[in-house]
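J.: no letters, just coordinates:
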């Protein structure tokens, strides 16, 4: 009886996962390749503000460059996207500092099934995702800008799962955080643009969610306001698009190099 119960639970899980993935299809388009989306990240009241430069290199690759103007160090995260699971399949996290070689601080590889392998320094670990598609809130939900444009019906509710670093008394580990439900509300104008407004909440956000505005033309994040912060130093989380720029790959490399005064890695 116990084995039958486990089998039924497994079948239920896979059917649910397939049901979510079936809501996605061929992406609408990528007219915005080689575009930098410049965001301001802060608390809801605007404090603790910083800039994030998100570069859509091509239809499969994103780069997130976190840098305070005038500083001699920065963080670069490169991400490869999988159009079968509509999730990121590889992360590489680099610390960049003036007059120093780039340091690979962490890497994550998703095998396309449900297993994630993580390397942080000399630490090697792995975990199994509880569901697909999955997203990283620590990555400022940047992967949503790709997966959202692949949704067949953007005015229907859906959900995804979050897996991220969990801070625990004995240290940090990568863990399943839970499910996040996205509920369509209405079309609204924000920053002079037509946007789709959604409520976003669930166990993956510790039931401290909020709202997210998606540009109705390119389906990138225009803004979100989420109650739970994604890193220390924040009371909550707000991401706002402040500018977009077209940059060739060469111009993007030059921008990063000039910012920290070093050659930076490119995958």
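T.: Structure's in. What do you need? The shown structure was predicted, so the numbers you read here are calculated from the model rather than taken from an experiment. Numbers count the residues shown, from 1 in each chain.

J.: just checking, residue 197 touches residue 183?
T.: No: in terms of C-beta atoms under 8 Å, residue 197 does not count as a neighbour of residue 183; the distance is 9.9 Å. (C-beta placed from N, C-alpha, C; glycine too.)

J.: pLDDT on stretch 119-127, on average?
T.: Averaging pLDDT along stretch 119-127 gives 86.

J.: and that stretch, how far out from the chain middle?
T.: In terms of C-alpha atoms, centre = their mean, to the nearest Å, the centre of stretch 119-127 is set 20 Å apart from its chain centre.

J.: with stretch 141-149 instead?
T.: A distance of 7 Å separates the centroid of the chain from that of stretch 141-149, by C-alpha atoms, centre = their mean.

J.: what's next to that stretch, contact-wise?
T.: The set of residues external to stretch 141-149 that reach it, using C-beta atoms under 8 Å, 6 or more residues apart in numbering, is 24, 27-29, 37, 54, 56, 59, 62, 64, 79, 81, 86-88, 133, 135-136, 154, 160, 212, 214, 218-221, 224, 239.

J.: the same query, at a cut-off of 7 Å, please.
T.: By C-beta atoms under 7 Å, 6 or more residues apart in numbering, the residues outside stretch 141-149 that reach it are 24, 27-28, 54, 62, 64, 79, 81, 86-88, 133, 135-136, 214, 219-221, 224.

J.: and what of stretch 214-228?
T.: Contacts for stretch 214-228 (C-beta under 7 Å, 6+ apart): 32, 37, 44, 141, 144-145, 148-149, 187, 190-191, 193-196, 200, 205-206, 208-213, 236-241.

J.: write a ChimeraX command that selects only the buried members of those residues.
T.: Under the burial definition 16 or more other C-beta atoms under 10 Å, those of those that qualify are selected in ChimeraX by:
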select :32,37,141,144,145,148,149,190,195,196,200,205,209,210,212,213,236,237,238,239,240,241
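
J.: excluding its backbone neighbours, what's nearest residue 196?
T.: With C-beta to C-beta, 6 or more residues apart in numbering as the criterion, residue 196 has its nearest non-adjacent residue at 4.7 Å, and that residue is residue 214.

J.: gap between the one you found and residue 111?
T.: Counting by C-beta to C-beta, to the nearest Å, the separation of residue 214 from residue 111 is 29 Å.

J.: these two: who's more crowded?
T.: Set side by side, residue 214 and residue 111 give different neighbour counts by other C-beta atoms under 10 Å, the larger being at residue 214 (25 against 13).

J.: which SS class is the more buried one?
T.: When states are read from DSSP: H, G, I helix; E, B strand; the rest coil, the local structure at residue 214 comes out as strand.

J.: who does it form a beta bridge with?
T.: According to DSSP bridges, the residues that bridge with residue 214 are residue 196, residue 221.

J.: picking up where we left off before, and the residue nearest to residue 196, how close does it get to residue 184?
T.: Computed as C-beta to C-beta, the residue 214 to residue 184 distance reads 10 Å.

J.: between those two, which contacts overlap?
T.: Taking C-beta under 7 Å, 6+ apart as the contact criterion, the common neighbours of residue 214 and residue 184 are residue 196.

J.: need phi/psi at residue 113.
T.: Main-chain torsions, residue 113, degrees, to the nearest 10: phi -100, psi -90.

J.: list the beta-bridge partners for residue 189.
T.: When assigned by DSSP bridges, residue 189 has beta-bridge partners residue 194.

J.: then residue 38?
T.: Under DSSP bridges, the beta-bridge partners of residue 38 are residue 53, residue 243.

J.: that one reaches residue 55, doesn't it?
T.: No: under the criterion of C-beta atoms under 7 Å, residue 38 is not in contact with residue 55, lying 9.9 Å apart.

J.: hang on, the earlier thing: which of the contacts of stretch 141-149 fall in strands?
T.: When those are checked against strands using DSSP state E, the ones located there are 54, 62, 64, 79, 81, 87-88, 135, 214, 221, 224.

J.: hey, which helix or strand in this protein has the poorest pLDDT?
T.: Least confident helix or strand, the chain: helix 2-21 with a mean of 48, by mean pLDDT, DSSP states H and E.
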